[in-house]
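In: Please find the sequence and the predicted model below.
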Amino acid sequence: MTVYFIGAGPGAADLITVRGQRLVATCPVVLYAGALVPTELLDQAAPDARLVDTADLTLDEIIAELAAADARGDDVARLQSGDLSIYSAVAEQIRRLDALGIGYEMVPGVPAFAAAAASLGHELTVPTVGQSVVLTRYGKRATPMPAGESLEAFAATGALQVLHLGTQAVAEIAERLTPHYGPDCPAAVVAYASQPREVVLRGTLADIAGQVHAAGLRRSAVILVGRVLGAEGFPDSHLYSALRERHDCRADGADGTP
C-alpha cells in the first residue's frame, strides 16, 4: 500500500490538483483535517471509503490509522491543507512511516501564499523592485524559531516577507518591521484565501494592524510586507524584451545553427 500525502489547497475545493482529486476518489481510506480541508472534497471519496477526521487526533493516533491501513493493504489519501512543502507537519509523519517501513508519496498542492497573491491580483516578484520572497512565520505562540531566523534579519534584505501564523500579533509584527521598511511600506493581509469568506486588506505598515483588528481577524490569514506590493513604473521583464530576441538570434548564428 501507499500513503499519499496530498496538498488539498488553500480552501476552495476546486484548487486541489487533478492527481490529488483522483486519489481521493480511489483510495479506500481518507484522512483529513476537518477544520482545514473543505468538506466538498470528501464528497468525491468512494461511498465505502473510511473517512477519518484527524483534527482531534494525536500524531500517534494518526500513525496508528496509517499502520492499520498498511496491515489491510489499503492505500490512504492523507489530505493536508495548502501545500506540503511548508508548514504542513508532514515531516514528522513521514519520519514515523520510514521507521515502520510504510511507503508514501507526496502530491503537491496550492500553498496559501500563492492563493493570497492571486486574491491580491499581484505578482510577488517584480523586475528591479524585488526578486526574492521570504516565506516565514511568527513563532511567538508556536515552536520557537531557529537562531538567526528573525523578522529583522529577513528585513535587512529588503525582500518581500510573507508571514504565516501571525494574525493575532500583526501590531507587533508591524512595529518590528517598520524601522527596516518604513511606515509607508505597502502591506496586505489575506484571510481565508480562495474561500467564500475571504477577506483582503491593503494598506501600509502604519495602518494594516488597525485594519486587521477592525475586521476582527484572528487566524487563517497571510501577512505580506514589501515594496513589491506597490511597485509601479518598473521595466518589462527581460523574458519579453526585443533586445533579448536579437541577442538570442546572434547567439544562435554564432555556432552556425539557424
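Out: All right, it came through fine.

In: Helix or strand with the lowest mean pLDDT in the chain?
Out: The weakest-scoring helix or strand in the chain, judged by mean pLDDT, DSSP states H and E, is helix 242-254 (a mean of 56).

In: Give the buried residues for stretch 178-185.
Out: Across stretch 178-185, burial judged by 16 or more other CB atoms under 10 Å covers 178, 180-181, 185. Yep, even glycine has a C-beta here, placed from its N, CA and C like the rest.

In: which one of these is nearest H122?
Out: H122 lies nearest to C185 out of the buried residues of stretch 178-185, by CB to CB, at 14.6 Å.

In: Wait, G20 touches M106, no?
Out: No: contact criterion CB atoms under 8 Å: G20 and M106 do not qualify, at 10.6 Å.

In: who has more neighbours, these two?
Out: Set side by side, G20 and M106 show more neighbours around G20, with 22 against 18, by other CB atoms under 10 Å.

In: Quick check on the closest residue in space to that one that isn't next to it in sequence: phi, psi?
Out: Nearest in space to G20, with sequence neighbours left out and distances taken as CB to CB, 6 or more residues apart in numbering, is I6 at 4.2 Å. When read as degrees, to the nearest 10, the backbone of I6 gives phi -120, psi 120.

In: any idea how far I6 lies from L36?
Out: Using CB to CB, to the nearest Å, I6 is found at 13 Å from L36.

In: The residue nearest the centre of the chain: what's its closest spatial neighbour, skipping adjacent residues?
Out: For the chain, P111 is the residue whose C-alpha lies nearest the centre (CA atoms, centre = their mean; 2.8 Å). Spatial nearest neighbour of P111, chain neighbours left out: D83 (3.8 Å); criterion: CB to CB, 6+ apart.

In: number of nearby residues for the one you found?
Out: If you count neighbours by other CB under 10 Å, D83 ends up with 22.
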